[in-house]
Structures are given as structure tokens and as C-alpha cells.
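J.: just coords:
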């Protein structure tokens, strides 16, 4: 590397740490953000159907559901970027939405599908925490 003030900086690629992330962690994270996108798609479809005048499944969705879509997109992108916070928020947001929908409907409609989403979001939480723990351990070993 040149020490000239006017020289362009050079990357020091020899010292980069390559993380070999175990596939099981990445799968948990991937399944969670894909579940988020599926949930977004379902919400958009049901919202448009509900707004067209058809009261499907007595959900009573209106334009405010697009705010939910926006939040879920942010959380899904965060999970894609391996954010623990977004994984937790997606799980809690889904749980809150389901609790409100089930309370208003007076029945646990869609429970089997909801359990699948709960499982995938919970695995996303586990996967993001495993990822950050693994990354921290590898980087600490590299530094010492």
C-alpha cells in the first residue's frame, strides 16, 4: 500500500474474514422472511377483496390494512438482513393481529395456518439469534 497522500485507497482483502454460516441457521431465517412475504400477499389480496364490497371471512379489512402490509414488509426485509429485532417484532405483530382478528370474529378461524406462521416466525427468531451468536464467536476467534 502506498503512503502517498494523493494515492487512492486500496482494500486489504487478505485480512477479510469469510463466515461459513451453517445452512440450518440460514434456512430458519429464509423461511421466516418468505413467510412474511406470503403473509403480506395474503393480507393484500384479502384487503382488496374486502374493499371491493365482498365481506370475505368477516374480516372487515379496510385501507388501514395497508399500514399493516407496510410494517410487515419492513419486518420481512429486516429478517432478510438477519435482524433479531425485526424477527421478534414480526412475531409479536402477527400474534397481536391474530388476537384482534380472533377476538372480533369470535372464533379461531384459520388456526392451523396461523400455527404454521407462528412456527416459521419463531424459527426466524431462533435463526437470527443463532446467526449473531455464531458471527460473534467467529469474529472473536479471528481477532485472538
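T.: Nice, I can see it. The structure displayed is predicted, hence computed values, not measured ones.
J.: for residue 74, which non-adjacent residue is closest in space?
T.: residue 86 (7.3 Å; CB to CB, 6 or more residues apart in numbering). Quick note: C-beta positions are derived from backbone N, CA and C, even for glycine.
J.: so who does the one you found touch?
T.: By CB atoms under 8 Å, 6 or more residues apart in numbering, the contact list for residue 86 reads 74, 75, 76, 77, 78, 79.
J.: out of those residues, which is most surrounded?
T.: Highest neighbour count within the contacts of residue 86, by other CB atoms under 10 Å: residue 79, with 32 neighbours.
J.: mind putting the contacts of residue 86 in TSV, pLDDT and secondary structure included?
T.: Listed next are these as TSV, based on pLDDT from 0 to 100; DSSP: H, G, I helix; E, B strand; the rest coil:
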residue	pLDDT	secondary structure
74	98	helix
75	98	helix
76	97	helix
77	98	helix
78	98	helix
79	97	helix
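J.: how much space between the residue nearest to residue 74 and residue 54?
T.: To residue 54, residue 86 is 33 Å away according to CB to CB, to the nearest Å.
J.: same question, residue 114
T.: 22 Å.
J.: the helix ranked longest in the chain packs against which elements?
T.: In the chain, taking DSSP state H as the definition, the longest helix is helix 111-143. Applying 3 or more CB pairs under 8 Å, 6 or more residues apart in numbering; DSSP states H and E, we find helix 111-143 packed against helix 23-51, helix 84-105.
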